[in-house]
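Novice: predicted model, plus sequence, below.
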Amino acid sequence: MDNVTVRQGENAVLRCTIDSGVTRVAWLNRSSILYAGKDKWSLDPRVVIVTNSKTEYSIQIVDVDVYDEGPYTCSVQTHNHPRTSRVHVIVQVPPKIVNISSSVSVNEGSNVTLLCLAIGRPEPTVTWRHLSPLARRFVSEDEYLEITGIAKEQAGEYECSAYNEVSSADVRKVQVIVNYAPYIPDTRNVGAAVGQKGILQCEAVAVPSAEFEWYKEDQRVFNGRNGVQIKKNGDMSMLTFFNVSEEDYGNYTCVAMNKLGISNTSVLLFGPGAVLDGNNRASAGMTASLWVLAILFVHFLFKF
């Protein structure tokens, strides 16, 4: 038995070599007659005879599909005895992803399962990669990708690739958004002379993006009051004093919050001659007074 390997959608030619002693010839697909001599028995318009000579009797199947796969028999009748020649048609199918998880938004620490189902002949190999900013990191060689206790660093695009030797890989992508509470990196204290402009900055990394509030001691600072401006630019909140006065000097608390949590840091606005510790930095770990934190906690519960 000979094999004829053909890709889905291409044409397959089944050849049968004969000699001058042949009296009758026919092509069969299992028990169904396709052609007998020059007479066509098959109702399939895709099956046509291409060679009917004294040395060769061949048919062609146009636009082959997977249901055409299987054994075909060339039956030859001679003056002495009948004989048969068999051909097995193998249909190759390019890989195709037929089902993949939708993009998902989860909270940090949650478990995530992504699914990618693919078909093809031979059966395709399915792999997952995390398209991180630094590199295309290999994650899994399986239809299922399971991430236990997902971290914010694992957010981003995940690429599913289905590959076999028939053609290039079929590739699809899934976006995974990881929500997490605000994190405030180190902030810097700011010095400004009376009558000059001073800007306090507070950056908070969070998903969803954090909302900001500013406090001085136990009093909230509002935009537009006492000649100050509070402006948000992306992940940054800026408290601007256009005309610094003696009363403006002091410790300010920046509060960043979203639906997952709250974080705060202290920033100092100081004047000339002030004595500071270290290298003029305010640590993100510095906290507001207990009274302010209590207010913020209650405010957070009602806000979200």
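Specialist: Okay, I see it.

Novice: nearest spatial neighbour of residue 70, skipping sequence neighbours?
Specialist: Nearest non-adjacent residue to residue 70, counting by Cβ to Cβ, 6 or more residues apart in numbering: residue 89, 6.3 Å away. All C-beta atoms are positioned from the backbone trio N, CA, C, and that covers glycine.

Novice: show me what the one you found is bridged to.
Specialist: In this structure, residue 89 has the following beta-bridge partners (DSSP bridges): residue 4, residue 70.

Novice: list the contacts for it?
Specialist: For residue 89, the contacting residues are 3, 4, 6, 12, 14, 61, 64, 68, 69, 70, 71, 72, by Cβ atoms under 8 Å, 6 or more residues apart in numbering.

Novice: roughly how far apart are it and residue 43?
Specialist: As defined by Cβ to Cβ, to the nearest Å, residue 89 lies at a distance of 19 Å from residue 43.

Novice: hang on, residue 153 in a strand?
Specialist: No: according to DSSP: H, G, I helix; E, B strand; the rest coil, residue 153 belongs to no strand; its state is helix.

Novice: what's the local residue count around it?
Specialist: Burial of residue 153, expressed as a neighbour count using other Cβ atoms under 10 Å, amounts to 10.

Novice: again with the one 10 residues further on
Specialist: Number of residues near residue 163 (other Cβ under 10 Å) recorded here: 18.

Novice: my understanding was that it contacts residue 124; is that so?
Specialist: Yes: counting by Cβ atoms under 8 Å, residue 124 is a contact partner of residue 163 at 5.6 Å.

Novice: shared neighbours of these two, anything?
Specialist: Taking Cβ under 8 Å, 6+ apart as the criterion, residue 163 and residue 124 both touch 95, 170.

Novice: follow-up on the earlier one: and the pLDDT for the residue nearest to residue 70?
Specialist: Predicted confidence (pLDDT) at residue 89: the value is 95.

Novice: next: residue 102.
Specialist: Reading off the model, residue 102 has pLDDT 96.

Novice: what kind of secondary structure is it in?
Specialist: Secondary structure for residue 102, judged by three-state DSSP, is coil.

Novice: residue contacts, it?
Specialist: Shown in contact with residue 102 (Cβ under 8 Å, 6+ apart): residue 174.
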